[in-house]
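Q: fold the following, please.
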Amino acid sequence: MGHWGQGSTGGTLGTLGVGRTLGMGDTTGTLGTLGALGTAGTLGQVDTASPRHGGELVAEVLRAHGVPVLFTLPGGHISPVLVACEKIGIRVVDTPARGHRRLRRRRRVAALGSDPGVWGWRCHCCHLCHCLSPFVIVCHCLSLFVTLWPGRSPGHPSAPSVPGPCVNRCCRLRACATSSPTLRRAIATATGGTPGPVFVELPIDVLYPFHVVQKELGAPNPPGAVPGTIIYGICSRARWELRDPTPLPLSVPKATPEQVQLCSELLSRAQRPLVLVGSQALLPPTPAEELRSALLSLGVPCYLGGAARGLLPPECPLLLRHGRREALRQADLVLLAGTVCDFRLSYGRLFGRGAAVVAVNRDRAQLLRNADVFWKPRLAVQGDPASFVLDLARALQGFAAPKEWLERLRESDSDRDRQIRAKALVPPPCHLNPLLLLQALEQLLPPQSLLVADGGDFVGTAAYVLRPRRPLGHPVGTFGDIWGRQVWVLYGDGSLGFSLMEFDTFVRHKVPVIALVGNDAGWTQISREQLPLLGSAVGCRLSYSDYHAVAAALGGRGFVLDSDRVLAVLRAAQAECHQGHPVLVNALLGPSDFREGSVSV
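A: This next block holds a predicted model:
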């Protein structure tokens, strides 16, 4: 665990031999903490009546960094942070939401108050790290006083920790004085370079006012022994002064001019070029509009993946949606702009023999994933994909891929669309054909709609039919971005089990979304492989449950959708949403072989 912002009095108490006096054994970490805290004599007298607390310092840093919303799983440990944020106009929403950063492209912060909250966020941390989402997670931890004197609080549980591989960095405040510099570095680390989550532990006696800490710990006033001195050091007036809260300069890796020049030469000679844009290309600081303009200027056929779906307009002639595997085999140059050679690209086995592959990624590990095993990059650039595409477009003004190559890919794309439309007309044994349902939704989606996806087989099917009008996001992440837009959340019935209670949050915070649940009574994406290979669908069966009734019980609106009145029910859901109500449409789906043969491991 890394620690930032240690005080200038770093050896004072160590020199005095405090660790040996207290009988602490290994005093390496303890003496560092004591040194950071300093002494009352060094820091001045304490204003014992001051109502100020560390939560105010945290809130000021968040405001200075333009954080509009603090997502939280509340607990008494972090109440000062929540109250201080509310007072200065930062909206406090009691639920986590990674998607808010994706939609608004701003820094995101979550505050976790209790042990269940921290433990519940462990899987979120891994997801944030995998998706390179810049996120700062602040949580409570043991009191500094209890850390130094464990016997003062018998049986007090240790603060749960987040595994190092799941976060970019972990740190802990050691005194109020380090609040601003520590949080500024945490936000800079989460946002710059290779983005990802940063975990900041906030000791409870750094957050609460001095008189509360003094009362709870039973410290003498004025201090006489070492315990009182330490508390005075934590809460002294000098340590409560607000330090500079403004953002630190960000370090974003970029390609060198030589790398851009080499790629432009390769691209100018290519007869069958292809661009694959991944989620990482949507990271700040490059605006999505500038990236879109650069891709249009390049004139190279594009496949969009992850959160980049919707970056190009649905009718853009450069946008391809089907036949990516075959297109990659035929391409003589492939630009991976934030796309990783993992299972989605068969680990790099899809590239044609002799194809020049140019990979651009901020993270070196992802940049070279499976390289020299199934593929070899002609040029590997550790840098920001979006800025690389902008530089490339400036270097190749007037360039466009050969017309014959684009027409061939467009014709293949259109053929696949015709096949899907024909497949949608095949009635299932019961309930709805998922393709027919999704085609009806595509027909009704307004130009300013937002699509949110969380599911397996149903969402995989939707990727073939729906054309996002703008980059994708997450449901609760739509706070502050939904007004004037229509938000559709596509859930599988399996994934809905993890998110259904979010309707309580939607109702309380007046977030009008429409959740369309593809209810096929099973973990179908898994059973598609498991059943034919192993002869059993054990563990994959669910029920046609009344999810719409749960949404209604939480204060939303619920509809059930079967094989008739598809357009009428979807329009009714839109009308309820327009009136400000969150809506859940429980669409009962029949079996479909559309994605037969898909493998998910």
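Q: in the sheet, who's paired with V360?
A: A337, V381 (DSSP bridges).
Q: so where's the stretch 351-500 of the chain shaky on pLDDT?
A: For the stretch 351-500 of the chain, applying pLDDT under 70 flags the ranges 472-484.
Q: what about the helices in it?
A: For the stretch 351-500 of the chain, the helices defined by DSSP state H, counting those that start in this stretch cover 364-367, 385-395, 403-424, 434-444, 457-465, 493-496.
Q: closest to T182 out of the ones you listed?
A: helix 364-367 (26.6 Å; CB to CB). All C-beta spots, glycine's among them, are computed from the backbone N, C-alpha and C.
Q: and that closest one, how far from the chain's centre?
A: 19 Å (CA atoms, centre = their mean, to the nearest Å).
Q: what's that helix packed up against?
A: strand 356-361, strand 379-382 (3 or more CB pairs under 8 Å, 6 or more residues apart in numbering; DSSP states H and E).
Q: now with 6 Å, please.
A: Packing partners of helix 364-367 (3 or more CB pairs under 6 Å, 6 or more residues apart in numbering; DSSP states H and E): strand 379-382.
Q: alpha carbons only: can I get the strand it packs on in PDB?
A: In PDB, the C-alpha atoms belonging to strand 379-382 read as follows (Å, rounded to 0.1, in the frame of the first residue of the first chain):
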ATOM      1  CA  LEU A 379       3.600  -0.800 -34.600                       C
ATOM      2  CA  ALA A 380       2.700  -0.800 -30.900                       C
ATOM      3  CA  VAL A 381       2.100   2.600 -29.400                       C
ATOM      4  CA  GLN A 382       1.600   3.100 -25.700                       C
END
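Q: can you tell me what sits against it?
A: Contact partners of strand 379-382, identified using CB atoms under 6 Å, 6 or more residues apart in numbering, comprise P253, A255, Q259, L262, C263, V358, A359, V360, R364, L367.
Q: got the buried residues for it?
A: L379, A380, V381, Q382 (16 or more other CB atoms under 10 Å).
Q: what ranges in this structure fall below the confidence cut-off?
A: 1-48, 95-108, 112-125, 127, 140, 142-165, 217-241, 472-484, 597, 599-601.
Q: so it: which segments form each domain?
A: 12-240, 257-410, 425-588 (automatic domain parsing).
Q: need those in JSON lines (columns: distance to F594).
A: Supplementary listing: those in JSON lines, determined by distance: least, CB to CB, whole Å:
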{"stretch": "domain 12-240", "distance to F594": "27"}
{"stretch": "domain 257-410", "distance to F594": "13"}
{"stretch": "domain 425-588", "distance to F594": "6"}
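Q: minimum distance to P247: which of those has it?
A: Here domain 12-240 is closest among those (CB to CB), at 5.3 Å.
Q: helix/strand/coil for the closest residue to G192 other than its chain neighbours?
A: Counting by CB to CB, 6 or more residues apart in numbering, L250 is the residue found nearest to G192 once chain neighbours are left out, at 3.9 Å. At L250 the chain is in coil, as set by DSSP: H, G, I helix; E, B strand; the rest coil.
Q: do the same with the one 3 residues further on
A: Assigned state for P253: coil (three-state reduction, three-state DSSP).
Q: number of residues surrounding the nearest residue to it once chain neighbours are set aside?
A: Nearest residue to P253, sequence neighbours excluded (CB to CB, 6+ apart): G383, at 4.7 Å. The number of residues packed near G383 is 20, by other CB atoms under 10 Å.
Q: list the contacts of G383.
A: P253, K254, A255.
Q: and with 7 Å instead?
A: For G383, the contact set (CB atoms under 7 Å, 6 or more residues apart in numbering) comprises P253, K254, A255, V360, R362.
Q: tell me the secondary structure for the spatially closest residue to E596 that is not a sequence neighbour?
A: Spatial nearest neighbour of E596, excluding adjacent residues (CB to CB, 6+ apart): R528 at 6.5 Å. At R528 the chain is in helix, as set by three-state DSSP.
Q: number of nearby residues for the residue nearest to H509 when sequence neighbours are not counted?
A: Distances taken as CB to CB, 6+ apart place V93 nearest to H509, at 6.2 Å, with adjacent residues excluded. Using other CB under 10 Å, V93 is surrounded by 19 other residues.
Q: go ahead and confirm V93 touches V67.
A: No: taking contacts as CB atoms under 7 Å, V93 lies outside contact range of V67: 12.0 Å.
Q: for S499, list the residues it contacts.
A: S499 neighbours (CB under 7 Å, 6+ apart): D454, Y491.
Q: backbone dihedrals for it, please?
A: phi -130, psi 0 (degrees, to the nearest 10).
Q: gap between it and P471?
A: Using CB to CB, to the nearest Å, S499 is found at 20 Å from P471.
Q: what do you get for N361?
A: In terms of CB to CB, N361 sits 18 Å off from P471.
Q: so D244, which of the three states?
A: Per three-state DSSP, D244 ends up coil.
Q: I figured it hits S180, correct?
A: Yes: between D244 and S180 there is a contact under CB under 7 Å: 6.4 Å.
Q: which of those two has more residues huddled nearby?
A: With neighbours defined as other CB under 10 Å, D244 and S180 compare such that S180 has more, 21 against 10.
Q: dump the residue contacts of that one.
A: L57, V61, L242, R243, D244, P245.
Q: from these, keep the buried residues only.
A: Looks like these have L57, V61, R243, P245 buried, using 16+ other CB under 10 Å.
Q: stretch 521-539: which residues count as buried?
A: So, applying 16+ other CB under 10 Å, buried residues of stretch 521-539: A521, G522, W523, T524, Q525, I526, S527, R528, E529, Q530.
Q: for stretch 390-410, same thing?
A: For stretch 390-410, by 16+ other CB under 10 Å, it's L390, D391, L392, A393, A395, L396, F399, A401, W405, L406, L409.
Q: just the residues contacting that stretch, thanks.
A: 255, 260-261, 263-264, 267-268, 271-273, 286, 290, 294, 297-301, 317, 320, 327.
Q: in helices, which of those residues fall?
A: V260, Q261, C263, S264, L267, S268, E290, A294, S297, L298, A327 (DSSP state H).
Q: which among those count as buried?
A: Judged by 16+ other CB under 10 Å, buried ones among these: V260, C263, S264, L267, A294, S297, L298, A327.
Q: how about the strands in the stretch 101-250 of the chain?
A: 108-112, 135-141, 169-172, 197-203 (DSSP state E, counting those that start in this stretch).
Q: dump those into a markdown table; add mean neighbour count as well.
A: Compiled in a markdown table, the strands of the stretch 101-250 of the chain are given as follows (neighbours: other CB atoms under 10 Å):
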| stretch | mean neighbour count |
| --- | --- |
| strand 108-112 | 28 |
| strand 135-141 | 25 |
| strand 169-172 | 20 |
| strand 197-203 | 26 |
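Q: JSON lines for those strands, including distance to K215?
A: As requested, the strands of the stretch 101-250 of the chain are arranged in JSON lines below (distance: least, CB to CB, whole Å):
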{"stretch": "strand 108-112", "distance to K215": "24"}
{"stretch": "strand 135-141", "distance to K215": "18"}
{"stretch": "strand 169-172", "distance to K215": "24"}
{"stretch": "strand 197-203", "distance to K215": "17"}
